[in-house]
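1. Make a model of this:
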Amino acid sequence: MSGVLAGIRVLDLTQMVAGPLCTLLLGDLGAEVIKVEPPDGDSSRQIGVNRACGESDYFLSLNRNKRSIVLDLKTDSGIETLKALALASDIVVENFRPGTMEKLGIGYDTLSELNPGLIFCSMSGFGQSGPYRDRPALDPVIQAMSGVMQLTGTPDSGPLKTGILISDFVPPLFGTIGVMGALFARASSGKGQRVDVSMLDATVFSMVPREGFYFSTGQTPGRLGNAHYQISPWNTYGTSDGRHIMIVAHTDKFWRALATALGRADLLSDARFLTNATRLENRAALEPEIASAFAKGTLAHWTQVLTDASVLFAPVRDFEEVFSDPVVRDGIVQTVRHPTAGDLPLLRNPIKLSTHSADIRRPPPLLGEHTDEILAELRAQQRAPVAPQDAVTSIF
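-> Numbers count the residues shown, from 1 in each chain. Coordinates of the predicted model:
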């Protein structure tokens, strides 16, 4: 079954995480993705090298469903080949610093003149204009600048980054949505357009609805660890066997279910805990009561009790527990065969389409694995002059 984007060609000029994740999503949906790499490869090939074969966890996680070609955009031949690829493509995705593509002579204005239907997606740290445009950016830099880091942690820990690459993950989601919207518009207009996504903008947007609290109060929500700044109880609690359990009681229904399951129905009639507002006001008194109750039983005990009582909760699991869970293992993990890494578990795309599935069709490519193949296709198309293979050997 072909993907919803079958017949769409994407030229991937991205590195590291945010850009490659955008093109991965497009590839999963059926697009043909050609990844243009420098002679040393996408810089993520050098990060997280934990396998005996020398392959990088970073690169393998983010680059399935792509073919790799090695070019040199510092040479005339490399630029001409890139232009030929753009002429034969529907989408270009790049995450250079603003102005880099223009300096190379392959910016949006140039490529769209060659191919008016081209959709050109740029993902940068701070956008194409403004005082921050030329600053380098990676995920923790954006987390700090966006305010996300200020929200994370406790009063004692100080600001902390999140445990996942939130500022590398959210921007490519918006980039993919923007590209899909531009494709839809092109279907009727025949014209491409530029899609511009700032990592800072996307990460600030990801704080919804925290910004509403600031706009209404003028205050930054406090660093409360796993607790919530507007709801109580909402926290993690330790069990007698040294594990932790996440509890959410955002409505009176779930508060009543929790107190009853803990054997503490007396808390329901305590004037200090009658409403969410009073529970927030008296959080310092409520938290020890709940913590004391959980400390009397094991995680397995509480998992059964809370499940039976329809409490909103979850055990805090490590990766071994997550990936041995049949719901996760069978639902989102797929093993593909990689030429050097062997059997390679990858996470399936979580988007489930009833007619056009999102699939992993090919493993992540070796560096330059498809250079000859792609150049041969360009020559066959005879749309633009293509440099001989020996003149097109490095990029950037």
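2. so which helix or strand takes in residue 196?
-> If you go by DSSP states H and E, residue 196 is part of strand 194-198.
3. right, and the helix or strand after that strand?
-> Downstream of strand 194-198, the first helix or strand assigned by DSSP H and E is helix 199-205.
4. Now tell me what touches the helix or strand encompassing residue 187 from outside.
-> Take DSSP H and E as the rule and residue 187 turns out to sit in helix 166-189. With contacts defined as Cβ atoms under 8 Å, 6 or more residues apart in numbering, helix 166-189 is touched by 5, 8, 16-19, 21-22, 25-26, 90-91, 93, 117, 119, 121, 123, 138-143, 146, 148, 191-193, 195, 197-199, 202-203, 205-206. Where you see a C-beta, it was placed from the backbone N, CA and C, and this is true even at glycine.
5. Please check those residues and keep the buried ones.
-> Buried members of the contacts of helix 166-189, scored by 16 or more other Cβ atoms under 10 Å, are 5, 8, 16-19, 21-22, 25-26, 90-91, 93, 119, 121, 123, 139-143, 146, 148, 192-193, 195, 197-199, 202-203, 206.
6. Now, those that are in helices?
-> 18-19, 21-22, 25-26, 139-143, 146, 148, 199, 202-203 (DSSP state H).
7. Quick one, grab the pLDDT at the residue nearest the centre of the chain.
-> Geometric centre of the chain, nearest residue: residue 169, 2.3 Å, by Cα atoms, centre = their mean. Note for residue 169: predicted pLDDT of 96.
8. Check whether residue 366 sits in a helix, strand or coil.
-> Three-state assignment for residue 366 (DSSP: H, G, I helix; E, B strand; the rest coil): coil.
9. That one - how many residues pack around it?
-> Applying other Cβ atoms under 10 Å, we find 15 other residues in the vicinity of residue 366.
10. again with the one 4 residues further on
-> For residue 370, the count of nearby residues is 19 (other Cβ under 10 Å).
11. Please look at it and residue 68 and confirm they touch.
-> Yes - here residue 370 reaches residue 68: they are 5.6 Å apart, a contact under Cβ atoms under 8 Å.
12. Next, the closest residue to residue 243 other than its chain neighbours: phi, psi?
-> What sits nearest to residue 243 in space, not counting adjacent residues and going by Cβ to Cβ, 6 or more residues apart in numbering, is residue 299, at 3.9 Å. Residue 299 has phi and psi values of phi -60, psi -40 when expressed as degrees, to the nearest 10.
13. ok, now residue 333?
-> Phi and psi for residue 333, reported as degrees, to the nearest 10, are phi -100, psi 130.
14. What's opposite the closest residue to it other than its chain neighbours in the beta bridge?
-> Once flanking residues are discounted, residue 333 sits nearest to residue 345: 5.4 Å by Cβ to Cβ, 6+ apart. For residue 345, the residues forming beta bridges with it (DSSP bridges) are residue 335.
15. Tell me, how many residues neighbour residue 345?
-> 11.
16. What residues does it make contact with?
-> 333, 334, 335.
17. do you know how far it is from residue 378?
-> Going from residue 345 to residue 378 by Cβ to Cβ, to the nearest Å gives 34 Å.
18. what's the answer for residue 138, then?
-> The value you get for residue 138 to residue 378, if Cβ to Cβ is used, is 33 Å.
19. same check, this time on residue 80
-> Distance of residue 80 to residue 378, computed by Cβ to Cβ: 10 Å.
20. Report pLDDT for the closest residue to residue 222 other than its chain neighbours.
-> Leaving aside its chain neighbours, residue 222 sits nearest to residue 229 (5.9 Å; criterion: Cβ to Cβ, 6+ apart). pLDDT, residue 229: 93.
21. Let me see the domain layout of the chain.
-> Domain assignment for the chain by automatic domain parsing gives 9-206+334-391, 234-321.
22. Relative to the whole chain's centre, how far out is the first one?
-> By that I understand domain 9-206+334-391. Relative to its chain's centre, domain 9-206+334-391 lies at 12 Å (Cα atoms, centre = their mean, to the nearest Å).
23. again with the last one
-> A distance of 31 Å separates the C-alpha centroid of domain 234-321 from that of its chain, computed with Cα atoms, centre = their mean.
24. Between the two ends of it, how far is it?
-> End-to-end span of domain 234-321 (Cα to Cα, to the nearest Å): 23 Å.
25. If anything else comes up later, I'll come back, but that's it for now.
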